[in-house]
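Visitor: Take a look and give me a structure for this.
(one chain, ligands or ions: 1)
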Amino acid sequence: MAKVMIIGAGGVGNVVAHKCAQASDVFTEICLASRTLSKCEAIAGDLPRQVETAQVDADDVDALSALIDQTQPDVVINVALPYQDLSIMEACLRTGVPYLDTANYEPPDEAKFEYKWQWAFHDRFREKYLMAVLGCGFDPGVTNAFCAYAQQHLFDEIHYIDIVDCNAGDHGHPFATNFNPEINIREITQRGKYWENGEWVEVEPLSVSQEIDFPEVGPRKAYLIYHEEEESLVKHIKGLKRIRFWMTFSDNYLTHLRVLQNVGMTRIDPVIFEGREIVPIKFLKALLPDPASLAPNYKGKTSIGCIFEGVKNGKPKKTMIYNVCDHAECYKEVKAQAVSYTTGVPAMVGALLMVTDQWRGAGVFNVEQLDPVPFLDLLNRYGLPWKEKPL
Ligand code: NDP
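Guide: Alright, predicted model coming up:
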């Protein structure tokens, strides 16, 4: 019997709310809070159960703390934007409530995501005997759990990890992003980076690619980009020699992105337009389709997983763990596309494990530091079945 507060009524928040409603044996009460109340109400109206809704600006620690005090949740799931991570963690500390999110903090005025700001909360959460779980979506999140599972159950030592992410879906728009456009474009246009032999190696944005054979999708061109789970995994996977992250983009997507960059529409610094300041990427977000709105006509699948190479019983071993998710099936179930779905299910499952004490700890944790077995079991039950394929 637990009460959950979900913050953020976007594409992912919709899935988390549906999934918490499905787990009615655990989440007996749900509160959905976000900046725009009407979005909470629209989601609430679609749920099979009665839920509370609330308006809150999660950047305002006082207002959010007051709401948490009044609502008395057992866990807060943050699926607003990465910009709100620190203020929501601060409010959870103040009110004594465990915290979970799906994306690490980045400062609004600098396209740079790092765990250092959130890891700095570790001692304060530990002193209050509170748990914070970071990055519990699909990637990061499920990919971290795949790594922990491989380390504990499949390998004596893992030497190489390639995290491979393919969205082979088609939403019918000439250009759109699958989650918040601002966060997505900031991530992709950064310099690429991977970790090898104890060092980070940087490359020009989207300058390294290879063809990868994705399960149930087939061969696709994937580009090396930097992704946040690499930062924690290099600390927690023993014997690792290299970790890289690969994501597929269509030529059409990259052409649009290049033009937008060339004309300055992806800039994150303010410019003066007709006498007032605007941030081009925020303006672009207002023009692009809302990621949640892509769901009704989305066809095709996502195929995301980890390819591991290492040693088991003195012999070389290579294997892949992955999930395939169908956009149209997600829409049928919760009116979401697969990118929101694959993020929202693990967030609910992580919170469920926290409130049922299957994930326990005082401090700030990344997913690979927690027991992957109950997490992976529940993913099977709540719509994200995973498979292992020896290579
Ligand atoms: P959306 O933009 O669809 O939704 C974000 C929601 O947060 C909006 O409803 C927005 O409100 C709300 N919000 C923004 N600022 C505030 C604030 N200050 N206070 C309260 N609410 C606020 O994003 P998505 O649902 O696509 O993504 C949600 C999160 O999931 C992001 O952090 C994203 O990075 C992460 N993610 C993680 C993935 C993973 O695999 N780990 C994959 C995909 C996404 P409003 O409607 O008023 O703007």
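Visitor: how's this protein carved up into domains?
Guide: Domain assignment for the chain, taken from automatic domain parsing, gives 2-138+339-390, 142-334.
Visitor: Would you map the strands across the stretch 101-250 of the chain?
Guide: Ranges of strands within the stretch 101-250 of the chain are 131-134, 157-167, 192-196, 199-203, 209-214, 218-224, 242-248, based on DSSP state E, counting those that start in this stretch.
Visitor: winner for burial among these?
Guide: Comparing the strands of the stretch 101-250 of the chain by mean neighbour count (mean count of other CB atoms under 10 Å), strand 131-134 ranks first with a mean of 26. (C-beta placed from N, C-alpha, C; glycine too.)
Visitor: Give the pairing partners of it; include direction for each.
Guide: Next to strand 131-134 in the sheet, as set by DSSP bridges, lie strand 99-101 (parallel), strand 363-366 (parallel).
Visitor: Could you check whatever helix or strand comes next after the last one and say which residues are buried?
Guide: Once the chain leaves strand 363-366, the next helix or strand it forms, by DSSP states H and E, is helix 372-381. Neighbour counts using 16 or more other CB atoms under 10 Å place 372, 374-376, 378-379 of helix 372-381 among the buried residues.
Visitor: Stretch 168-176 now?
Guide: Under the neighbour-count criterion of 16+ other CB under 10 Å, stretch 168-176 has 168-169, 171, 175-176 buried.
Visitor: And Cys129, how far from Arg360?
Guide: Small correction: residue 129 is Tyr, not Cys. For Tyr129, the distance to Arg360 equals 10 Å [CB to CB, to the nearest Å].
Visitor: what about Ala33, helix or strand, and which?
Guide: Here Ala33 is assigned to strand 27-34, by DSSP H and E.
Visitor: for that strand, packing partners?
Guide: Judged by 3 or more CB pairs under 8 Å, 6 or more residues apart in numbering; DSSP states H and E, the packing partners of strand 27-34 are strand 2-7, helix 11-22, helix 37-46, strand 52-55, helix 61-71.
Visitor: So which of the ones you listed is nearest the ligand?
Guide: The ligand sits nearest to helix 11-22 of all the helices and strands packed on strand 27-34, at 3.5 Å, using CB to the nearest ligand atom.
Visitor: just the angle between the closest one and strand 27-34, please?
Guide: Between helix 11-22 and strand 27-34, the angle comes out at 160 degrees (axes from the mean of the first three to the mean of the last three CA atoms, to 10 degrees).
Visitor: quick one: helix 11-22 to chain centroid distance?
Guide: 14 Å (CA atoms, centre = their mean, to the nearest Å).
Visitor: one step back: with mean pLDDT, mean neighbour count and distance to the ligand as added columns, please give the strands paired with strand 131-134 in TSV.
Guide: Shown next, in TSV, are the strands paired with strand 131-134 (pLDDT from 0 to 100; neighbours: other CB atoms under 10 Å; distance: least, CB to the nearest ligand atom, whole Å):
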stretch	mean pLDDT	mean neighbour count	distance to the ligand
strand 99-101	99	29	7
strand 363-366	98	22	12
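Visitor: These into TSV, with extra columns for distance to Val259?
Guide: Shown next, in TSV, are the strands paired with strand 131-134 (distance: least, CB to CB, whole Å):
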stretch	distance to Val259
strand 99-101	33
strand 363-366	36
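Visitor: mind giving me JSON lines with the helices and strands packed on strand 27-34 and columns for distance to Glu274 and mean pLDDT?
Guide: Shown next, in JSON lines, are the helices and strands packed on strand 27-34 (distance: least, CB to CB, whole Å; pLDDT from 0 to 100):
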{"stretch": "strand 2-7", "distance to Glu274": "34", "mean pLDDT": "98"}
{"stretch": "helix 11-22", "distance to Glu274": "31", "mean pLDDT": "97"}
{"stretch": "helix 37-46", "distance to Glu274": "28", "mean pLDDT": "97"}
{"stretch": "strand 52-55", "distance to Glu274": "30", "mean pLDDT": "98"}
{"stretch": "helix 61-71", "distance to Glu274": "32", "mean pLDDT": "98"}
